[in-house]
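S.K.: here are the coordinates; sequence isn't available:
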């Protein structure tokens, strides 16, 4: 099948990001333009990532998509928006290139733009459970298609049209999404604040309370909040601009106490806007609230902010701390939420050493242990943006353009 093999196969990976100044609400649903700016931390791909393979061939009769091994609808409007925009930019690049717009059939790019595309994507973390799966997914899609069609430069505006927070996953480290003012969205883009190497001591501990799909999607929740929540409007206009400036300063200065306190306050206010929505939206559950209380007891014991929580649109807690706090706090979590039947799978990601905890700390912090309430812990750190995978054995699609077993 030498004549029929795909013209080009590209595989890339992209990261999850977690917002510490939250984005919630759009002023334009189609272009996904936010009502406020936001700021996030990109998580390391060694622990959380989306992998996407895209390939084109003259033999493909239609565009096709597979998500986590199952064929899915490639006609989703947001996916089509990204695909259409990437192809438009590729045509624009070609028409302004060395060929002077010559549409010769010997031009590989001209041929590739006429071919159909097959796309396969996999997450190594739960989808739609509040772990920013759509952000990683659309960032990976856009980055992979850009590599497939030979595009360079900032593509955060394109990724934003798939999922708003996806624009932040186009960069590593600490990233701000500038809301912009233009009605066409050209100035609503992501920018890296500092790279992942800026704060090497920072660690992230994700407490997976539930891997189930959330009851109210982020898209639906935002729409209702924009329509009904006065608090959301006040937050966007009066609160977030100042918090953005403060958060950037705390990150640049590596001031963990100030960073942690502002992160928790912003998370609390985001969920307050969900409660202020009518009818109210509840993304946190009882275990989420127990984690919040645990973090505050831990910080109170030490008389300063050593651990900070944030929750996106789901019950799973994302905790920030410095590396010298991890071992002890993980032990506190284990005592508070004793592992269920998964045993050795309770702690995943970066290694954690056993810690000796004082009886004084345990008596002050651990209250009414709840066995099995936490599915698992994932220990990670800030990481880089999307990356091209050079190893051909990691392609999710075979030479026939159909799914094959993924790279471990």
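M.R.: Received, thanks. Just so it is clear, the structure is predicted and the values come from calculations on it, not from any experiment.

S.K.: Have a look at this protein and report the helix or strand with the lowest mean pLDDT.
M.R.: helix 108-114 (a mean of 70; mean pLDDT, DSSP states H and E).

S.K.: Give me the mean pLDDT for whichever helix or strand comes after it.
M.R.: Heading C-terminal from helix 108-114, the first helix or strand you meet, by DSSP states H and E, is strand 116-123. For strand 116-123, mean pLDDT rounds to 96.

S.K.: mind listing what the closest residue to residue 239 other than its chain neighbours touches?
M.R.: Excluding its sequence neighbours, the residue lying closest to residue 239 (Cβ to Cβ, 6 or more residues apart in numbering) is residue 269, at 6.9 Å. Placement of C-beta: from N, CA and C, glycine included. Residue 269 makes contact with 22, 231, 235, 239, according to Cβ atoms under 8 Å, 6 or more residues apart in numbering.

S.K.: do you know how far the nearest residue to the second one once chain neighbours are set aside is from residue 24?
M.R.: Spatial nearest neighbour of residue 231, excluding adjacent residues (Cβ to Cβ, 6+ apart): residue 276 at 4.1 Å. Using Cβ to Cβ, to the nearest Å, one obtains 11 Å as the distance from residue 276 to residue 24.

S.K.: mind checking how far the residue nearest to residue 377 when sequence neighbours are not counted is from residue 47?
M.R.: Spatial nearest neighbour of residue 377, excluding adjacent residues (Cβ to Cβ, 6+ apart): residue 347 at 5.0 Å. Between residue 347 and residue 47 the distance is 12 Å, computed by Cβ to Cβ.

S.K.: can you give me the helices for the stretch 201-350 of the chain?
M.R.: For the stretch 201-350 of the chain, the helices defined by DSSP state H, counting those that start in this stretch cover 218-228, 230-234, 240-253, 256-276, 286-302, 323-336.

S.K.: Can you say which of these is nearest to residue 369?
M.R.: Of all these, it is helix 323-336 that lies closest to residue 369, at 5.7 Å by Cβ to Cβ.

S.K.: Verify the stated contact: residue 146 with residue 156.
M.R.: No - taking contacts as Cβ atoms under 8 Å, residue 146 lies outside contact range of residue 156: 11.2 Å.

S.K.: low-confidence ranges in the stretch 151-300 of the chain?
M.R.: The stretch 151-300 of the chain contains residues with pLDDT under 70 at 211.

S.K.: rewinding a little: quick check: neighbours shared by residue 276 and residue 24?
M.R.: 225, 232.

S.K.: thinking again about what came up before, between the helices of the stretch 201-350 of the chain, which gets nearest to residue 15?
M.R.: Nearest to residue 15, of those and by Cβ to Cβ, is helix 240-253 at 17.3 Å.

S.K.: Now do that closest one: everything it contacts.
M.R.: 20-21, 36-39, 174, 176, 193-194, 198-199, 255, 258-259, 262-263, 266.

S.K.: circling back: so for residue 276 and residue 24, which residue has more residues nearby?
M.R.: Set residue 276 next to residue 24 and count neighbours by other Cβ atoms under 10 Å: residue 24 wins out with 28 against 18.
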